[in-house]
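> Sequence first, predicted coordinates after that:
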Amino acid sequence: MASYRKKVLAVAAAASMSIALAACGGGGSSNDKGNTGASAGGGKGGTLTYYIFAALEHTDPQRTYVGRDITNWSRTVYRSLVTFPISADEKVSTTPVADLATDTGQSSDGAKTWKFTVKDGVKWEDGKPITCEDFKYGASRVFATDIITGGPNYILTYLDIPEGKDGLPIYTGPYQSSPEGKAAFDKAITCEGNTITYHFKKPWADFPLAIASLHMMDPYRQDKDQGDKSNYQIFSNGPYKLEGTWDKQKGGTLVRNPNYDASTDSADIRKALPDKIVFDIGKTAEQVTDQLIADSGQDKFAVTERRIPSSYYSQITGDVAKRSVTVTSPYTDYLVPNFKRMTNLQVRQAL
């Protein structure tokens, strides 16, 4: 089934990710007094509205595991050591480039050791510098599997930390861990000035790809961590920050982060054209499609992650078609029966 998106955004699919918030909303000036449509052609300013149907599971970087959200946050509020650039060339868009690090990493010991140096001048939204310790703390949160749930946890099997009798690492995260576990983690990830070093128990040759694809290794400020209560908190180091709070059922608004320094970033990664991005949650695919086809008011500068219902395909013509793009999804839906319960071979064959 085809999937359509408004062409208000410069769309870039990166690796196993969804649509990137890479470009612009409406408006010809940064004061947002009116939407002239200038930025729809690549200018800077205005407001972009992003319609999403279902509530996001997480905005916490270590817990985010939906491709759409990983990519959206990568372009707006969260930066990583390395990330994927925006490009229509699939080879380019799936090759990691330096982001908060000075390069894409240096490996040794057969790819069991990786080093990255954090750039000077990169800051959090409150103006404090992003440090090596922030990256180490972000990684530590993944080990708190009873609190930081739902996200990717590949580092649990790779990081050089001994396992207990239960087969899990003896380090159990920053909230509660044995002295032995804490010592093992401090040995597995080390900081020396701006340089962070990861020690793995087995080779991880594509470790930069894992960093770029997921947010599990992103920095996190310890003084901002509230454990499970941080699930819908956004503390930014990207070009935007959260205005007010995130409402799980309604969404939230991103505005420009005054402590973001574009000179430490690249337009090939983050164009950051809109002054404001409004995430509007709850409208059905039919409601959103009607509004985008009507193309009036703020909906002239809107995008959706909703698939256009098949009953609307005949209306995707003329100017509407020019404003739309068919997106190739990197995902496949499939059904896996519970074979522990469905034990009869003939029933399984019939299914």
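Perfect, I can see it now. Residues are numbered from 1 along each chain as shown.
> Would you map the helices across the stretch 51-200 of the chain?
In the stretch 51-200 of the chain, the segments counted as helices under DSSP state H, counting those that start in this stretch are 67-76, 90-93, 132-141, 155-158, 179-188.
> Including mean pLDDT, could these go into a markdown table?
Shown next, in a markdown table, are the helices of the stretch 51-200 of the chain (pLDDT from 0 to 100):
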| stretch | mean pLDDT |
| --- | --- |
| helix 67-76 | 95 |
| helix 90-93 | 92 |
| helix 132-141 | 98 |
| helix 155-158 | 96 |
| helix 179-188 | 98 |
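> Quick one, which of those gets closest to G46.
G46 lies closest to helix 67-76 among these, at 15.3 Å (C-beta to C-beta). Using the backbone N, CA and C atoms, a C-beta is placed for each residue, glycine as well.
> ok, which stretches of the stretch 251-351 of the chain are helices?
Taking DSSP H, counting those that start in this stretch, the helices of the stretch 251-351 of the chain run over residues 285-294, 318-322, 345-350.
> quick one, which of these is packed in tightest?
helix 285-294 (a mean of 17; mean count of other C-beta atoms under 10 Å).
> who touches that helix?
For helix 285-294, contacts defined as C-beta atoms under 8 Å, 6 or more residues apart in numbering pick out 6, 51, 53, 283, 299, 302, 304, 306-309, 312, 315, 320, 323.
> now stretch 194-209
Against stretch 194-209 from outside (C-beta under 8 Å, 6+ apart): 15, 81-82, 96, 104-105, 107, 110-120, 131-132, 135-136, 139, 158-161, 187-191, 210.
> Can you go through these and name the buried ones?
Neighbour-count burial (16 or more other C-beta atoms under 10 Å) applied to the contacts of stretch 194-209 gives 15, 81-82, 96, 104-105, 107, 112-119, 131-132, 135-136, 139, 158-161, 188-189, 191, 210.
> Can you list the buried residues in stretch 149-164?
G151, P152, N153, I155, L156, Y158, L159, D160, I161.
> quick one: contacts for Q233?
Going by C-beta under 8 Å, 6+ apart, Q233 touches T59, D60, K224, Q226, W246.
> State the number of residues packed around the first one.
The criterion is other C-beta atoms under 10 Å. On that basis, T59 has 23 neighbouring residues.
> Could you do the fourth one as well?
A count of nearby residues for Q226, using other C-beta under 10 Å, gives 9.
> Now A144. Nearest residue, chain neighbours left out?
Nearest residue to A144 in three dimensions, chain neighbours excluded: G173, at 2.7 Å (C-beta to C-beta, 6 or more residues apart in numbering).
> If you could redo that for I155, that was the one I meant.
Looking at I155 with C-beta to C-beta, 6+ apart, the closest residue is V142, at 5.7 Å.
> Ramachandran angles for the one you found?
Dihedral pair for V142: phi -60, psi -30, per degrees, to the nearest 10.
> State the distance from the residue nearest to D319 when sequence neighbours are not counted to L335.
Spatially, and ignoring its direct neighbours in sequence, D319 is nearest to D295 (7.7 Å; C-beta to C-beta, 6+ apart). Per C-beta to C-beta, to the nearest Å, D295 is found 38 Å from L335.
> neighbour-wise, which of these two wins?
Between D295 and L335, counted using other C-beta under 10 Å, the more crowded position is D295 (14 against 5).
> shouldn't that one be in contact with K322?
No - judged on C-beta atoms under 8 Å, D295 makes no contact with K322 at a distance of 11.0 Å.
> Can you check the pLDDT for S329?
Note on S329: pLDDT of 72.
> Could you check how many residues crowd around it?
S329 has 13 nearby residues by other C-beta under 10 Å.
> ok so, going back, of the contacts of Q233, closest to R341?
D60 (34.0 Å).
> give me every residue that touches the closest one.
Each residue near D60 by C-beta under 8 Å, 6+ apart is listed here: I148, G151, S230, N231, Y232, Q233.
> among these, which are in strands?
Counting by DSSP state E, the contacts of D60 place none of their members in strands.
> In CSV: these, plus distance to D126 and pLDDT.
Output for these, formatted as CSV (distance: C-beta to C-beta, whole Å; pLDDT from 0 to 100):
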residue, distance to D126, pLDDT
I148, 22, 97
G151, 24, 96
S230, 16, 96
N231, 20, 96
Y232, 19, 97
Q233, 13, 96
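> Reformat those residues as TSV; add distance to M217.
Shown next, in TSV, are these (distance: C-beta to C-beta, whole Å):
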residue	distance to M217
I148	13
G151	11
S230	17
N231	19
Y232	21
Q233	18
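> Can you tell me which of those lies closest to V327?
Set against V327, the nearest of those by C-beta to C-beta is G151 (24.6 Å).
> measure that closest one to S266 for me?
For G151, the distance to S266 - C-beta to C-beta - is 26 Å.
> Find the centremost residue of the protein, please.
I70 (2.1 Å; C-alpha atoms, centre = their mean).
> surely that one meets M216?
No - the pair I70 / M216 is not scored as a contact, 10.1 Å apart, by C-beta under 8 Å.
> quick one: terminal-to-terminal distance for stretch 162-180?
End-to-end distance for stretch 162-180: 10 Å, by C-alpha to C-alpha, to the nearest Å.
> thinking again about what came up before, got a pLDDT number for the residue nearest to I155?
Reported pLDDT for V142: 98.
> tell me the contacts of it?
Q62, I148, G151, P152, N153, I155, L156, G173, M216.
> Noted, bye for now.
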